[in-house]
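Visitor: sequence unknown, structure follows:
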């Protein structure tokens, strides 16, 4: 009887759908989802048919060789990359809004880190939990309900959060009140608060418009403020971890590390490598595509971040890069929203992680795509005067998504031949599989040929280690030119060409190819394991790179990579 009813219903529906004046295909089409349920990620292909590479025999350039080693204490990957926002964004109506796709967009990252600070926290943000009227200097008021809305998003996207407190107005008990409400709202997701943002810029001759202190301000005065604020926080939010100093100047890193305040969670630094806004042609820090993709900028990152790693090691603190991006120069410039920015983002995160950085946040905004901050990985699609609730990802957001596809594991230390324009990074996953990240900074507008990359099996794994890996999956980030304003990213897919199943073993290097202007991420699954002894990886030791080639290398001892004492430049 039920079957007859269903059959009759089906016939009736078929009859109605074929009545004159109706289009069966049009009637069957599902309605378009609202913008709040739509991902706006230009250039992203979530379902590629497969992954293919150029045959190494067709690569005409000199082969790049790469050696990878697992160093003791290597930083873990997974859930360690995300976005930094100005603290004023805490009051944005986009957080946990049914009319916004912000939560959906952030969910495309892997357990993202979220950080709130920026110049606004010490100058333009007013916190109140009792609805006091805001002072004249306040641009935005943040209340407990704002923190709760952001916390709801953090729950949805599985994020870890840090929040900077207002140090600029010298009100420790108001800051402590905000810390206590943040602790209540975010619970375990709040991994630390910071006392102020870039205190080294509270009085700076080159930035008088940002001054919130006078000539008496310095590292010692900062330490005194830390002590006062820390005591207030401990009273209202006992045990709450504190990270700092969130600065770009080494003496201030030491000032925080040596302050003696309780509950120190991490040493945090800020750095924008292209800071020389109107620099001479001889500078390597001009906000240009050429400087952004130069191997020299990677070496500079190793130097600067390496100094932070050295200080963190000396004080047994983790190292966080809580605010970063390509450039701190105001306005738009040649690197804005380019494919070069996407390539640099992947290489920079991997380099920083190799140096010991456990958490990296790229400074971002919820302002309009047109007229808002040009370097932000995301932006709102509406007009500048009314940006609206719908956000989109830019080229560098695709890069962050690609990084989110890396497996949970430990980062490997690379030694790579060549001039540094092609770099190889690696991750050994918790299950023993490998992820290889090949970053090719050659401009596809000028170079049309692939390069062969020969990768040796990683050393230093110790214990029960894989003795054979097999190529299984790949993903690629590409663009027409380094200066292009578009990038394309294909989600990971099975390798479908003749390279599928290619193997990597200790005595059997694997030769791959890299295309100009691309990031290629490859996954190699374990096919065989054995127990390692001192001669085959029981001791963690780097492989020697070929002596007859120039080498772009990260020395062993990641957290002790640079022990330099030098005169500080603008960002040191």
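Guide: Now that the structure is in, tell me what you want to look at. A quick note: this is a predicted structure, and the numbers were derived from the prediction, not measured. Numbers count the residues shown, from 1 in each chain.
Visitor: Tell me the confidence at the closest residue to residue 504 other than its chain neighbours?
Guide: Leaving aside its chain neighbours, residue 504 sits nearest to residue 510 (4.0 Å; criterion: Cβ to Cβ, 6 or more residues apart in numbering). For the C-beta atoms, the positions are set from N, CA and C on the backbone; glycine is no exception. Among the per-residue scores, residue 510 holds a pLDDT of 98.
Visitor: do residue 363 as well
Guide: Residue 363 carries a pLDDT score of 97 in this model.
Visitor: So it sits against residue 325, correct?
Guide: Yes: between residue 363 and residue 325 a contact is recorded at 4.8 Å, counting by Cβ atoms under 8 Å.
Visitor: what do those two both touch?
Guide: Between them, residue 363 and residue 325 have residue 375 as joint contacts when contacts are counted by Cβ atoms under 8 Å, 6 or more residues apart in numbering.
Visitor: Quick check: residue 519 is in a strand.
Guide: Yes: when the secondary structure is assigned by DSSP: H, G, I helix; E, B strand; the rest coil, residue 519 falls within a strand.
Visitor: I'd like the distance between the spatially closest residue to it that is not a sequence neighbour and residue 255.
Guide: Residue nearest to residue 519 in three dimensions, not counting chain neighbours: residue 477, with 4.2 Å by Cβ to Cβ, 6+ apart. Between residue 477 and residue 255 the computed distance is 39 Å (Cβ to Cβ, to the nearest Å).
Visitor: which one of those two has more residues nearby?
Guide: When residue 477 and residue 255 are compared for neighbours, residue 477 comes out ahead with 26 against 22, by other Cβ atoms under 10 Å.
Visitor: check contacts around the residue sitting nearest the centre point of the chain.
Guide: In the chain, the residue lying closest to the centroid (Cα atoms, centre = their mean) is residue 81, at 3.7 Å. Counting by Cβ under 8 Å, 6+ apart, residue 81 makes contact with 109-110, 112-113, 349, 359-361, 400, 403-404.
Visitor: Please convert the buried members of those into PyMOL selection syntax.
Guide: Buried residues within these, by 16 or more other Cβ atoms under 10 Å, are selected in PyMOL with:
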select buried, resi 109+110+112+113+349+359+360+361+400+403+404
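Visitor: Which of the contacts of residue 81 fall within strands?
Guide: The strands, defined by DSSP state E, take in 113, 359-361 from these.
Visitor: quick one: secondary structure of residue 266?
Guide: The assignment at residue 266 comes out as strand when based on three-state DSSP.
Visitor: Do I have it right that it meets residue 192?
Guide: Yes: under the criterion of Cβ under 8 Å, residue 266 makes contact with residue 192 at 6.5 Å.
Visitor: what residues are shared contacts of these two?
Guide: 241, 243.
Visitor: any idea how far the closest residue to residue 98 other than its chain neighbours is from residue 389?
Guide: For residue 98, ignoring the flanking residues on the chain, the nearest one in space by Cβ to Cβ, 6+ apart is residue 36 at 6.4 Å. The span separating residue 36 from residue 389 equals 7 Å under the rule Cβ to Cβ.
Visitor: before we move on, what about residue 474?
Guide: As for residue 474, its distance to residue 389 is 36 Å (criterion: Cβ to Cβ).
Visitor: more crowded one of the two?
Guide: The neighbour count for residue 474 versus residue 389, taken as other Cβ under 10 Å, is higher for residue 474 (25 against 19).
Visitor: quick one: the more buried one is in a helix?
Guide: No: using three-state DSSP, the assignment for residue 474 is strand, not a helix.
Visitor: contacting residues around it?
Guide: Shown in contact with residue 474 (Cβ under 8 Å, 6+ apart): 51, 53, 492-493, 495, 520-523.
Visitor: So residue 90 is in contact with residue 148, correct?
Guide: No: between residue 90 and residue 148 there is no contact, the gap being 10.6 Å when judged by Cβ under 8 Å.
Visitor: Show me which of the two is the more surrounded one.
Guide: Comparing residue 90 with residue 148 by neighbour count (other Cβ under 10 Å), the higher total belongs to residue 90, at 24 against 15.
Visitor: Next up, the contacts around that one.
Guide: Contacts here follow Cβ under 8 Å, 6+ apart; on that basis residue 90 touches 116, 125, 140, 142, 146-147, 150, 163.
Visitor: One more pass at 7 Å, please.
Guide: Contacts for residue 90 (Cβ atoms under 7 Å, 6 or more residues apart in numbering) come out as 116, 142, 146-147, 150.
Visitor: The nearest residue to residue 505 once chain neighbours are set aside pairs with what?
Guide: With Cβ to Cβ, 6+ apart as the measure, residue 468 is the residue that lies nearest to residue 505, at 4.9 Å, once sequence neighbours are left out. Beta-bridge pairing of residue 468 under DSSP bridges involves residue 528.
Visitor: doesn't residue 525 make contact with residue 468?
Guide: No: proximity of residue 468 to residue 525 does not meet the contact threshold set by Cβ atoms under 7 Å, at 9.7 Å.
Visitor: Residue 260: neighbour count?
Guide: If you count neighbours by other Cβ under 10 Å, residue 260 ends up with 10.
Visitor: hmm, I was thinking of residue 253
Guide: 28.
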